[in-house]
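> Just to be clear, the model below is a prediction. Sequence and coordinates:
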Amino acid sequence: MSKAKRILFPFGIFFLLVLLFCGGAAVSSAGYFYVSSRSAISEFEHSIQSDLVPVLDACVQMGELDGGKGSGIRMSALFKDYHAGELLYKAFFVKEDGTIIAHSDQNESLQLKGNIATDEFSYNLDLIFTPLKKNMKDPFFSDYFLIEKKVPFDKEKIRYLKKYFYENIDRNGWILCRQVTLKGKPFGVVAFLVAKDPIYTVITNEFEDAVFHAEIGIASGFGLAFILSLIIFARYRMIYKKALRVQKGSEEFSETKIPSNGTCLHAGENSVASEGSTVVAEKQAVSRELPANMASILDAIPVRKK
């Protein structure tokens, strides 16, 4: 019987299972991050509009009553409260020439010398006065770049997120504004600027959660792949050893039951020789009992071999 070969650990199956389980964990974590983050961003955008549009409408109504003569002070107090609650980054009520009637930050209003047109880098006049230019009756909502705030991601991450995840990730704010009319004529604009800091916080937290779940999934997949490979390895060894025992038993049975030709031949010869010796002995005994002449005749009688 040939020497049994050595059974090796099934590394091919192990690496295939690792690729399957760990790859599945990574893909599911990435999908979870994408879906949950996009959903959170959409919900936040919707909540910003649903929460601030009623306040914006109320401010517009106040401005249309007296053209800002008395409502400017009330709006300034309201803007200040919302700014302190971190819901609004900035809020202001300005005429169509940029003159400030109400502002959430009185110090900044003084620095601007009472007109937002003195700082066109911080105040995008094209977006702010869009409702007036287009004579829009409904609120105007758009992405807005807040020059004083920074996007908390490096250029490589911003490029990736902008391309595959959130197109306006580099625009770190929104603007929500509506025109104010006085006696049916355009008078000014009430505008709210909102920072996207909660969006960046959501993205960061969801990414950390996805990485955490991916690490757990990859570790679990690696362990599960190893356990399954051990089970396959043990099962294969058991089957192989059983096959070897069956083969060995078959060979021993063949050697025991089938004698060689030489053994059969020698056994037949011994039997014939024994039989011939018996006949000769009987002849000799009869010859001694008979007379001499009869013994010689008996010797002349041929003996037929059996």
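Ah, there it is. Numbering: from 1, shown residues only.

> can you confirm residue 153 is in a helix?
No. Under DSSP: H, G, I helix; E, B strand; the rest coil, residue 153 sits outside any helix and is assigned coil.

> Skipping its backbone neighbours, what lies nearest it in space?
residue 161 (6.8 Å; CB to CB, 6 or more residues apart in numbering). In short, each C-beta sits where N, CA and C put it, glycine included.

> Could you give the average pLDDT over stretch 63-82?
The average pLDDT for stretch 63-82 rounds to 82.

> how far is that stretch from where the chain is centred?
Remark: stretch 63-82 is offset 52 Å from the chain centroid, using CA atoms, centre = their mean, to the nearest Å.

> which of the residues in that stretch are buried?
Using 16 or more other CB atoms under 10 Å as the burial criterion, the residues of stretch 63-82 that qualify are 63-64, 67-68, 71-72, 75-76, 78-80, 82.

> okay, and for the stretch 201-306 of the chain, where does confidence drop off?
250-306 (pLDDT under 70).

> let's see it at 80
237, 240-306 (pLDDT under 80).

> looking just at contacts, which helices and strands does the longest helix out of those in the chain meet?
Ordering each helix of the chain by length in residues (DSSP state H) puts helix 197-257 first. Judged by 3 or more CB pairs under 8 Å, 6 or more residues apart in numbering; DSSP states H and E, helix 197-257 is in contact with helix 11-66.

> Show me what the helix or strand following the helix it packs on is packed up against.
Beyond helix 11-66 on the C-terminal side, the first helix or strand identified by DSSP states H and E is helix 71-84. Judged by 3+ CB pairs under 8 Å, 6+ apart, helix 71-84 is in contact with helix 11-66, strand 90-95, strand 100-103.

> Try it again at 6 Å.
helix 11-66, strand 100-103 (3 or more CB pairs under 6 Å, 6 or more residues apart in numbering; DSSP states H and E).

> which helices and strands sit right next to the shortest one?
For strand 100-103, the packing partners by 3+ CB pairs under 6 Å, 6+ apart come out as helix 71-84, strand 90-95.

> Show me this structure divided up by domain.
The chain resolves into domains spanning 11-220, 264-300 when parsed by automatic domain parsing.

> distance of the closest residue to residue 65 other than its chain neighbours from residue 179?
Excluding the flanking residues, the one nearest residue 65 by CB to CB, 6+ apart is residue 71, at 6.4 Å. Distance of residue 71 to residue 179, given as CB to CB, to the nearest Å: 15 Å.

> out of the domains of the chain, which comes closest to residue 244?
domain 11-220 (22.2 Å; CB to CB).

> centre of the chain versus stretch 70-84, how much separation?
For stretch 70-84, the separation from the chain centroid amounts to 48 Å (computed by CA atoms, centre = their mean).

> Hmm, residue 191 and residue 176 touching each other?
No. Using CB atoms under 6 Å as the test, residue 176 is too far from residue 191 to be in contact (7.3 Å).

> Between the two, tell me which one has more neighbours.
residue 191 (25 against 22; other CB atoms under 10 Å).

> Tell me the secondary structure at that one.
Assignment for residue 191 (three-state DSSP): strand.

> From residue 246, how far off is the residue nearest to it when sequence neighbours are not counted?
Of all residues not flanking residue 191 in the chain, residue 177 sits nearest, at 3.8 Å (CB to CB, 6+ apart). As judged by CB to CB, residue 177 and residue 246 stand 87 Å apart.
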